[in-house]
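>>> Next come a sequence and a model predicted from it.
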Amino acid sequence: MPETTRELRLGICGPVGTGKSSLIMLLCARLGDELEIGVVTNDIYTDEDARMIRAAGVLDPSRIVAVETGACPHTAIRDDITANLLAVEDLVAARGPLDVVLVESGGDNLTATFSPALVDAQIFVIDVAGGGDVARKGGPGIERADLLVVNKTDLAPYVGVDVDEMRADAVAARDGRPVVALSRHDPHSVAVLLEWVRSQVARHRSGRLVPVDPGPMAPHFHAVENGHFHAGENGHFHAGENGHSHDDHAHAH
Amino acid sequence: MTAVALLLADARLPVAGHTQSGGLEPALAAGLDDVPAYLALRLATVTRTESATAVVTLAHLRRGEGLDAVYDAWAARTVSAAMRDTSRELGRGLLRLATTLWDLPPLLTGLPRPMVLGAVAHATGVPSADLAEVIGYDDLQTVASAALKLRPLDPAVATSWVVAALPQLATLVAEVAHLDAPTDIPATSSPWIEQLAEDHAVTTRRLFRA
Ligand SMILES: Nc1nc2c(ncn2[C@@H]2O[C@H](COP(=O)(O)OP(=O)(O)O)[C@@H](O)[C@H]2O)c(=O)[nH]1
Ligand SMILES: [Mg+2]
């Protein structure tokens, strides 16, 4: 694929309250010096999340825009992405060129994932407070998003969750795709996250990033049929964190 | 009705229809209770203007005439700036999709939805009456389905409102389908709906874009 100058469009999805907006604020705060960032939020009620991120003071407020989804947050990121595409284009036209546009979903459950026509890569966020078995239960985002974040590991002792076990479940559910067990209070985990985002920007710029669809809530399907899930496309992130080299799974299918 | 007209009237068409309530959200917030009456009001006023604008756009394109006068007539009859913005935004989303599907005439950017629909009808052979009907029908369904999100309601009741409004829709279609000049577009504005649209555009809590 040719090199591209268009910004990387990175989706952040996952259930409400797992820390999507917080993750965006973290990325803005920590990568804002090296990358030109824009943010599109998908809110249930008007521009709540957008205002929260603006209020954090980590990014020029005019680089943060909200999409109203008419109470259809899933539709807006998957079946009918018109409003989001227009928002991204307007943002880039007004404030670009940008390196990354972070698109936060307004989803309210585990099944919503982004259309590959809207984002180039996506992070699915779950948290330890949602329970230790969430990762094991799976779903398209948990199993096949480009990165799975198991967030708020600092809370694990308070909610009776064994982080190592939860991470191992997630790694097993994902056939070696990367997992970051994250807490904003744990600098090492934050560094791993930032490195992953940088690696996606680099892959995107070089034209090597091919959007991979986590797919709908459907029976598990196999890489070979769909042609995307082979090592070359997914294996660039060697997460010291999850202890799993992608190559372990390179030919699993 | 032509199959393309059905496609254009289908809520599954990915043109951001789900972001719209047809002004119902602010109307309910302002105390509206009688949604069927609201549907009738829209058909008699703002939707009538939109349908006529689409039909006249189609007539102009068929005759190979430019669209500036149609645009000006639409804008003059759509008093609320917020409603003009909404219509242009929807037109942009529709145009984005339509250009990937059909060969459209070179259009000015920033056209409102009814004008883009008129251009799509021109490119696909949709007759004027179908075009007018699509706009009216879509408006009814937009409001009715938004009502389901905004009020506790049996979906069958919302659909019954649409069915009850169909005779009025048929009358509207008969009245506008033959129009062909910008001056023919009825100036049937609704100050109440327009004021609500203006208020809604600046509210900080809303489910629907408009
Ligand atoms: N303890 C802890 N709380 C977090 C962390 N990340 C986010 N939160 C909190 O989780 C709550 C929900 O976060 P938010 O980003 O709004 O979630 P969203 O609904 O997914 O966007 C907020 O109170 C955050 O402060 C974390 O790493 N550790
Ligand atoms: Mg949020």
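Happy to help now that I have it. Ligands and ions are numbered 1, 2, ... in the order given.
>>> So which residues of chain A form helices?
Ranges of helices in chain A, per DSSP state H, are A:20-31, A:48-55, A:73-77, A:82-95, A:134-137, A:140-144, A:156-159, A:163-173, A:187-205, A:223-226, A:231-234.
>>> and the second one, how far out from the chain's middle?
From the chain centre to the centre of helix A:48-55 is a distance of 18 Å (Cα atoms, centre = their mean, to the nearest Å).
>>> What number of residues are in the vicinity of residue 202?
In the absence of a named chain, this looks at chain A. Here the count is done by other Cβ atoms under 10 Å in any protein chain shown, and A:Ala202 has 13 residues near it. Every C-beta, even on glycine, is put in place using the N, C-alpha and C of the backbone.
>>> My question was about chain B, not that one.
By other Cβ under 10 Å, the residues close to B:Val202 number 8.
>>> ok, now B:Gln141?
For B:Gln141, the count of nearby residues is 20 (other Cβ under 10 Å).
>>> which residues does it contact?
By Cβ atoms under 8 Å, 6 or more residues apart in numbering or on different chains, B:Gln141 lies in contact with B:9, B:11, B:162.
>>> quick one: which of those is nearest to ligand 2?
Comparing those against ligand 2 with Cβ to the ion places B:Ala11 closest, at 26.9 Å.
>>> correct me, but the closest one touches B:Thr19?
No - under the criterion of Cβ atoms under 8 Å, B:Ala11 makes no contact with B:Thr19, lying 11.7 Å away.
>>> Looking only at neighbour counts, state which of the two leads.
Remark: of B:Ala11 and B:Thr19, B:Thr19 carries more neighbours, 26 against 12, as counted by other Cβ under 10 Å.
>>> show me the residues around that one that make contact.
Counting by Cβ under 8 Å, 6+ apart, B:Thr19 touches A:67-70, A:72, A:76, A:83, B:208-210.
>>> Apply 6 Å and report the result again.
Residues counted as contacts of B:Thr19 (Cβ atoms under 6 Å, 6 or more residues apart in numbering or on different chains) are A:68, A:70, A:83, B:209.
>>> quick one: it from B:Leu97, how far?
Distance of B:Thr19 to B:Leu97, computed by Cβ to Cβ, to the nearest Å: 14 Å.
>>> Tell me the confidence at residue 50?
Since no chain was named, I'll use chain A. At A:Ala50, the pLDDT value in this model is 90.
>>> Correction: the question concerned chain B.
Predicted confidence (pLDDT) for B:Glu50: 98.
>>> Around it, count how many other residues there are.
28.
>>> Point me to the helix or strand that includes it.
helix B:46-62 (DSSP states H and E).
>>> buried sites along that helix?
In terms of neighbour count (16 or more other Cβ atoms under 10 Å in any protein chain shown), helix B:46-62 has its buried residues at B:46-61.
>>> who touches it?
The contact list for helix B:46-62 (Cβ under 6 Å, 6+ apart) reads B:67, B:70, B:74, B:77, B:114-115, B:117-118, B:121-122, B:128, B:131-132, B:135-136, B:139, B:172, B:176, B:179-180, B:182, B:185-186, B:188, B:190, B:193.
>>> Can you tell me which helices and strands the next helix or strand after it packs against?
As assigned by DSSP H and E, the chain's next helix or strand after helix B:46-62 is helix B:68-77. In terms of contacts (3 or more Cβ pairs under 6 Å, 6 or more residues apart in numbering or on different chains; DSSP states H and E), helix B:68-77 is packed against helix B:46-62.
>>> how much does the helix it packs on deviate in direction from helix B:68-77?
Helix B:46-62 runs at 170 degrees relative to helix B:68-77, counting by axes from the mean of the first three to the mean of the last three Cα atoms, to 10 degrees.
>>> where's helix B:46-62 relative to the chain centroid, distance-wise?
Distance, centroid of helix B:46-62 to centroid of chain: 10 Å (Cα atoms, centre = their mean).
>>> and if you look at stretch B:182-197?
For stretch B:182-197, the separation from the chain centroid amounts to 12 Å (computed by Cα atoms, centre = their mean).
>>> Kindly check the end-to-end length of that stretch for me.
Stretch B:182-197 has an end-to-end distance of 24 Å (criterion: Cα to Cα, to the nearest Å).
>>> Quickly check the contacts of B:Thr19 for the two that are furthest apart.
Farthest pair in the contacts of B:Thr19 (Cβ to Cβ) is A:Gly70 and A:Ala83. Separation: 8.8 Å.
>>> still on that earlier bit, among the contacts of B:Gln141, name the least confidently predicted one.
Within the set of these, pLDDT is lowest for B:Ala11 (94).
>>> Can you give me the separation between that residue and ligand 1?
28 Å (Cβ to the nearest ligand atom, to the nearest Å).
>>> What is the neighbour count of the closest residue in space to that residue that isn't next to it in sequence?
Using Cβ to Cβ, 6 or more residues apart in numbering or on different chains and skipping residues adjacent in sequence, the residue nearest B:Ala11 is B:Gly17, 5.5 Å away. Using other Cβ under 10 Å, B:Gly17 has 23 neighbouring residues.
>>> just the one 4 residues further on next, same as before
A count of neighbours around B:Ser21, defined by other Cβ under 10 Å, yields 25.
>>> Repeat that for A:Glu195.
Using other Cβ under 10 Å, the number of residues around A:Glu195 comes to 16.
>>> Would you point out which residue is most central in chain B?
Taking Cα atoms, centre = their mean, the centroid of chain B lies closest to B:Ile135, which sits 4.8 Å from it.
>>> which residue sits closest to that one in space, ignoring its chain neighbours?
B:Ser51 (4.5 Å).
>>> can you list the residues of chain A near ligand 2?
Residues of chain A lying close to ligand 2 (Cβ under 5 Å from the ion) are A:20-21, A:49.
>>> for chain B, same thing?
Residues of chain B lying near ligand 2 (Cβ under 5 Å from the ion): none found.
>>> list the contacts for whichever residue of chain B sits closest to ligand 2?
Of all residues in chain B, the one sitting closest to ligand 2 is B:Arg205 (15.8 Å; Cβ to the ion). The contact partners of B:Arg205, by Cβ under 6 Å, 6+ apart, come to A:45-46.
>>> Against A:Ser183, how distant is A:Arg9?
Per Cβ to Cβ, A:Arg9 is found 26 Å from A:Ser183.
>>> So which residues on the stretch 1-150 of chain A come close to chain B?
Proximity of the stretch 1-150 of chain A to chain B (Cβ under 6 Å from any Cβ of the partner chain) is limited to residues A:45-46, A:68, A:70-72, A:75, A:80, A:82-83.
>>> Give the helix, strand or coil label for the residue of chain B closest to ligand 2.
When states are read from DSSP: H, G, I helix; E, B strand; the rest coil, the local structure at B:Arg205 comes out as coil.
>>> now the one 3 residues further on
Reducing the assignment at B:Phe208 to three states with three-state DSSP gives coil.
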